[in-house]
Structures are given as C-alpha cells and as structure tokens.
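1. Need a 3D model of the sequence below.
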Amino acid sequence: AIGASAVGAEGVGELETMAELLDAGGYAADRIILDPSVVRGLGYYTGPVFEAELTFEIYDEKGRKRQFGSVSGGGRYDDLVKRFTGQSVPATGVSIGVDRLLAALREKGRIGSQSRGPVVVTVMDRDRMADYQAMVTELRNAGIRAEVYLGNPKNFGNQLKYADKRNSPVAVIEGGDEKAQGIIQIKDLILGAQIAANATLEEWKERPSQFTVSRADLVAKVREILDGQS
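-> Numbering: from 1, shown residues only. Next comes the predicted model:
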C-alpha cells in the first residue's frame, strides 16, 4: 500500500490536508477530483500535481461537440530552484494557457471590465485556513468576488497592502478572540481611503471604516457595503 512507506504516508497526509481545505471551500467531487493517475510531462515535480479542465461543451471547426479541455496545470517542485542557485527553495507553480482561457471566456460571454477587486479575507491564524476559505465560499455563493490571503500572515499590514493592490473594496478580519465571540471585523477599504484623504477628526469618529458584526451577518454586511460603494 502507498501509505506503508514514509514517503507514501507523507503524500497521503498532504492529500488529506488538501481534501479538508477543498471541502471547507465547498468544492465537491463534481468540481475537484483527487486522481493518483494524473502525471505531468516534466520530471522536476516533487509533490502534488494538478490540471484544470473546463468541462462545458463547445463545437469544433467541423461542428462536432467536445469538451473545452485543459486550460492550466502545475504542481510542487521543491528542488527546481536548487538546480540553478544551490539553495533549497520550496516552490509551487502553475502555468495558464492564456489564449485558451480567453477563448473559453469569449465562448461563455464572460469578458468584460471589472474595476473593483475582490473582497479579501485576511488570515490571522494559519491553522484556521479552512475557516477563512469557508467565508470566501459563502461570499462567492452569494455572487460576491472574494479570495483568501495566501501570503505570509505574520505582518497584517502587508495583508492590507495586498488588498489595496487588488483594489479590494472590503477586508474581512477574524482572529482568535473574534472566533470565540462569534463575530468578525469588517473594514470598508474604500471609505477608509476617503476618510484618510479628506475627513476631519470629527468626521472620522462619526464614520468609522472598520466595525464589528456577527459572523452570521458576513454576506449581508459585505453586500450592504458594496451596494453603498456603487
């Protein structure tokens, strides 16, 4: 059995962790399949590999129906950087077939301008990534663009800088204390920038850009803020 060896047990453990996070994100087997038979054509991968396929049907140049197929692939390659620099650098990467992805978006009528970025769910505790991913899933299921911060969570300021670069309208914050109380902090980034640029101290006190709401009100409050920014 694969799990009988140390390497096999490590691989099984990685897959179990991935499955837990995918489940927390609401990605069922109809969207993501853990398939041990998937291989990549290059030999430098040292861990999980993956491929993304679009399964909707299109018509080819001969008028035949077929699935759109693969648009990206990648995996973990911890030893690749070492080949060139001598330094061991853990790494994971993915390549995207840009032309194919654009063709798919055109096929589905999804290409358009979006000036506002996604809601960013910040990370206060890396061990609770499943909780943060669950928030992202709730927002996405409600039709709200959202993503979880995937960088180093130690410096919270960097997370807000990332949200600013993404032109994010809202940041969601839930530390250990908030989790215990069933609440979250929501930061209106657009209002915060406006207040910082123009408001007096009195106006700042009257219009706080960060406030506390019940965890259950996440979607409703974020939608309220987004509607107010429109």
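2. quick one: low-confidence ranges for this structure?
-> 1, 3, 112-114, 194-207, 230 (pLDDT under 70).
3. center of it, which residue is that?
-> Nearest residue to the geometric centre of the chain (C-alpha atoms, centre = their mean): E147, 4.0 Å.
4. That residue contacts V121, doesn't it?
-> Yes. E147 lies in contact with V121 (C-beta atoms under 8 Å); the separation is 7.2 Å. In short, each C-beta sits where N, CA and C put it, glycine included.
5. Find residues that contact each of these two.
-> Taking C-beta atoms under 8 Å, 6 or more residues apart in numbering as the contact rule, E147 and V121 both touch V136.
6. Packing partners of the longest helix anywhere in the chain?
-> Longest helix of the chain, by residue count under DSSP state H: helix 6-24. Applying 3 or more C-beta pairs under 8 Å, 6 or more residues apart in numbering; DSSP states H and E, one finds that helix 6-24 contacts helix 129-141.
7. Go ahead and measure how far the helix it packs on is from the middle of the chain.
-> Counting by C-alpha atoms, centre = their mean, to the nearest Å, helix 129-141 is centred 9 Å from the centre of its parent chain.
8. Next secondary structure after it?
-> Next in sequence after helix 129-141, counting helices and strands by DSSP states H and E, comes strand 146-148.
9. so what strands line up beside that following strand?
-> strand 119-121 (parallel) (DSSP bridges).
10. roughly how far apart are D177 and V148?
-> Distance, D177 to V148, using C-beta to C-beta, to the nearest Å: 20 Å.
11. Looking at the two, which is more packed in?
-> Set D177 next to V148 and count neighbours by other C-beta atoms under 10 Å: V148 wins out with 21 against 9.
12. what's the offset of the longest helix of the chain from the middle of its chain?
-> Using C-alpha atoms, centre = their mean, the offset of helix 6-24 from its chain centre is 19 Å.
13. Let the chain start at 704 from now.
-> New numbering, starting at 704: the last item is helix 709-727.
14. What is the subsequent helix or strand relative to it?
-> Taking DSSP H and E, what comes next after helix 709-727 is strand 752-762.
15. and that following strand, which residues are buried?
-> With burial defined by 16 or more other C-beta atoms under 10 Å, the residues of strand 752-762 counted as buried are V752, F753, E754, L757.
16. Check stretch 726-745 too.
-> By neighbour count on 16+ other C-beta under 10 Å, the buried set for stretch 726-745 is A727, G728.
17. cool, and stretch 860-870?
-> For stretch 860-870, a neighbour-count test (16+ other C-beta under 10 Å) marks Q862, L863, Y865, A866, R869 as buried.
18. cool, stretch 760-775 as well?
-> Across stretch 760-775, burial judged by 16+ other C-beta under 10 Å covers F771, V774, S775.
19. Which strand or helix spans the last one?
-> It stands for S775. strand 768-779.
20. Distance from that strand to the middle of the chain?
-> Using C-alpha atoms, centre = their mean, the offset of strand 768-779 from its chain centre is 19 Å.
21. Tell me the helices and strands packed up against it.
-> Counting contacts by 3+ C-beta pairs under 8 Å, 6+ apart, strand 768-779 packs against strand 752-762, strand 795-799, helix 801-811.
22. Note down every partner strand of the second one and its orientation.
-> Pointing back at strand 795-799 there. strand 768-779 (antiparallel).
23. Moving along the chain from the strand it pairs with, name the first helix or strand you hit.
-> Downstream of strand 768-779, the next assigned helix or strand under DSSP H and E is helix 783-788.
24. Buried residues, that next one. List them.
-> By neighbour count with 16+ other C-beta under 10 Å, helix 783-788 contains the buried residues L783.
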